[in-house]
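Engineer: The amino acid sequence is not available; the structure is as follows:
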């Protein structure tokens, strides 16, 4: 973070530039989508539409908060393991540890209580919410038209994508964003794009470390989804592009924000 924070030095200046250049997105949205390494295979709607009126700047300090899917939260209370409870509950309140341990041991009464709370809409994570095993997702950028939603995960200094959460040993970060976005898409296509830092000697080319497909993480990342929905989410993965390629494509000065010395 700090001087190399991708949100302030990459995401915000780039997406501010795009939105300010054309608030409908008509002149740049499709070009952005097509930069992804998997774009030619992705199910991009033929009619992209335009950004919703008065589209917010859903990035930087105004990242879009996406609640975890209810189906996933239910799956987790049914399938949480004793090993993860022992690992993650050491610093939690005694009652939280007791309830979560009971869930992991198959206590039907505690399970019914957890499901009842989830059904009542009590899905906000925090101290004492022993029945919630995933918090909200915050994609680095979120765009919405009448036909699609796009979630963007931006990286700068990282060497790989995040592939797990506290309670799931396999949960790809971009797929997690797309999974949560599915809940608010209202029939729109859900697309996901990863933006990373290119190499100095070939900045527009995606480094090999980012080209490894995470398709083996699709099923374990989405255990609560049907095969049909998993396929649609996979079809929406646009792949990877570099920040340098985006800046070149849209005539944005590189670097978009100069690091402090």
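Structural biologist: That came in fine, so what should we check first? In this text, all values refer to a predicted model and were calculated from it rather than measured experimentally.
Engineer: Just give me how far stretch 130-147 sits from the chain centre.
Structural biologist: Its chain's average C-alpha position is 6 Å from that of stretch 130-147, according to C-alpha atoms, centre = their mean, to the nearest Å.
Engineer: Can you give me the end-to-end span of that stretch?
Structural biologist: 37 Å (C-alpha to C-alpha, to the nearest Å).
Engineer: Let me know the average pLDDT across it.
Structural biologist: When pLDDT is averaged along stretch 130-147, the result is 98.
Engineer: So which residue is dead centre in the chain?
Structural biologist: Centroid check for the chain by C-alpha atoms, centre = their mean gives residue 177 as the closest residue, at 2.3 Å.
Engineer: mind checking pLDDT for that residue?
Structural biologist: Note for residue 177: predicted pLDDT of 98.
Engineer: I'd like the distance between it and residue 60.
Structural biologist: With distances taken as C-beta to C-beta, to the nearest Å, residue 177 is found 16 Å from residue 60. Every residue, glycine included, has its C-beta placed from N, CA and C.
Engineer: Tell me where the model's unsure across this protein.
Structural biologist: Applying pLDDT under 70 to the chain flags residues 1-4, 213-215, 259-261.
Engineer: can you map out the strands along it?
Structural biologist: Ranges of strands within the chain are 141-144, 148-154, 189-196, 237-242, based on DSSP state E.
Engineer: Dump those to CSV, plus mean neighbour count and distance to residue 118.
Structural biologist: Shown next, in CSV, are the strands of the chain (neighbours: other C-beta atoms under 10 Å; distance: least, C-beta to C-beta, whole Å):
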stretch, mean neighbour count, distance to residue 118
strand 141-144, 24, 25
strand 148-154, 25, 24
strand 189-196, 25, 23
strand 237-242, 23, 28
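Engineer: Relative to residue 78, which of those strands is closest?
Structural biologist: strand 189-196 (25.0 Å; C-beta to C-beta).
Engineer: now the closest one against strand 148-154, angle please.
Structural biologist: Interaxial angle, strand 189-196 versus strand 148-154 (axes from the mean of the first three to the mean of the last three C-alpha atoms, to 10 degrees): 20 degrees.
Engineer: picking up where we left off before, which one of the strands of the chain lies closest to residue 130?
Structural biologist: Checking the strands of the chain against residue 130 by C-beta to C-beta gives strand 148-154 as the closest, at 28.9 Å.
Engineer: Show me what the closest one is in contact with.
Structural biologist: Contact with strand 148-154 is made by 6-7, 10-11, 15, 29, 33, 44-45, 48-49, 59, 139-144, 161, 173-174, 177-178, 181, 184-185, 188-196, 243, as judged by C-beta atoms under 8 Å, 6 or more residues apart in numbering.
Engineer: from the chain's centre, how far out does that strand sit?
Structural biologist: How far strand 148-154 lies from its chain's middle: 8 Å, per C-alpha atoms, centre = their mean.
Engineer: Mind listing the strands that strand pairs with, and their directions?
Structural biologist: strand 141-144 (antiparallel), strand 189-196 (parallel) (DSSP bridges).
Engineer: now those in JSON lines, with distance to residue 220?
Structural biologist: Output for those, formatted as JSON lines (distance: least, C-beta to C-beta, whole Å):
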{"stretch": "strand 141-144", "distance to residue 220": "24"}
{"stretch": "strand 189-196", "distance to residue 220": "17"}
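Engineer: Out of these, which gets nearest to residue 251?
Structural biologist: With C-beta to C-beta as the criterion, residue 251 lies closest to strand 189-196 of these, at 17.0 Å.
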